[in-house]
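Participant: take this sequence and fold it.
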Amino acid sequence: MFEKDTLDVVVPCFNEEQNIDSFYERIASTLNKIKINYKIIFIDDGSKDKTWQKILSLKKINENIIGIKLSRNFGHQSALKAGLDIAESDYVFSLDADLQDPPELLEEMLIKLKKENLNVVNAKRKKNNEKFFKKITSYIFYYVLNKISKTEISQQVSDFRLIDKKVLNKLKSIDENDLFFRGLIPWLGFNSGEIFFERQNRSKGETGWSLNKMIDFAITGIFNFSNLPMKISFILTILMSLVFLIFTGYALNSYFSGNVVRGWTSLVLIISFFNIIIFFVLGLISEYVGRIYFEVKKRPNYIIDEKR
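Facilitator: All right, here's what the predicted structure looks like:
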């Protein structure tokens, strides 16, 4: 069914030496079952363990493996970008090497994409099995993002997906410093579908998604796909200006009528209130200006140390 097609499997890796052998066995078995011409692109995103050595060992037994070693840890989205830039097949299947996303779903995703004439097939979790904190913060993030953004992003969808060459070529043409593929792909507007699966808990190794990385990822998604925070800051500035004018009128009236209000407490509260609003507005502006600053420098999303 897929003998005439080509497929690239893009696999970002960060400290996955305990999982990569098992991952390879499962993805290779799936690919051989499907009987499709393939390449497996492993991207070592600055791992501190023996992930790169594992990739080189696998390449010795399978010439269809391409190993990419980044010079340092550039982050998951940049590592994914590195794999997509190298990919050139009819279809691209992206997933992590931690085996939480089952590679066996590839066949079902390919069938759905071809049967329904889709450009993208996302794998969507039936339920979130993460810890309570991560679960609730993830829900809040996507709820807020979908409310303030014109691009609708599905809940429980990660970078576990299948895309065709049309989508791949468009993604390659996007030149942004802050990448958020979960927003970029639906933003492209091509036909997409979903399949549902039960996500497994990580059995070996530790997740590379620290709290700081998750916060940065969330901020990137919000600021890259909505300018509503800037609009809010502008509205707040107008409202606070009106409030300030009212207080000024009240103070001047009290002064000329001889009914001067004494007391430093109210004065301190008012000053503090306005300072909070001012710094909030400045914070939003500085965040956008900072992102513009990084964009105009046009530094690459990643630097390749080795390619095998």
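
Participant: in the stretch 101-250 of the chain, where is pLDDT below threshold?
Facilitator: Within the stretch 101-250 of the chain, the stretches with pLDDT under 70 are 128-135, 137-139, 141-146, 148, 201-238, 240-242, 244-245, 247-250.

Participant: what do you get if the cut-off is 80, keeping everything else the same?
Facilitator: 127-156, 177-178, 199-250 (pLDDT under 80).

Participant: for it, which segments are assigned as strands?
Facilitator: 120-125, 157-164, 192-197 (DSSP state E, counting those that start in this stretch).

Participant: got the CA positions of the last one in CSV?
Facilitator: So that's strand 192-197. Extracted in CSV, the C-alpha atoms of strand 192-197 (Å, rounded to 0.1, in the frame of the first residue of the first chain):
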residue,chain,number,x,y,z
SER,A,192,-6.1,18.1,9.4
GLY,A,193,-7.6,15.2,11.3
GLU,A,194,-7.1,13.4,14.6
ILE,A,195,-6.7,10.0,16.0
PHE,A,196,-7.1,9.2,19.7
PHE,A,197,-4.7,7.1,21.9
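
Participant: and Gln18, how many neighbours?
Facilitator: Neighbourhood size, Gln18 [other Cβ atoms under 10 Å]: 18. No exception for glycine: its C-beta is placed from N, CA and C like everyone else's.

Participant: can you confirm it is in a helix?
Facilitator: No. Per DSSP: H, G, I helix; E, B strand; the rest coil, Gln18 lies outside any helix segment and is coil.

Participant: and it, how far is that from Ile55?
Facilitator: Here Gln18 is placed at a distance of 14 Å from Ile55 (Cβ to Cβ, to the nearest Å).

Participant: which residues are contacting stretch 66-78?
Facilitator: 12, 14, 39-47, 52, 55-56, 59, 79, 82-83, 86, 159, 179-181, 208-209, 213, 217, 301-308 (Cβ atoms under 8 Å, 6 or more residues apart in numbering).

Participant: and the residues you listed, which of them are in strands?
Facilitator: Judged by DSSP state E, the contacts of stretch 66-78 include 12, 39-44, 159, 304-307 as members of strands.
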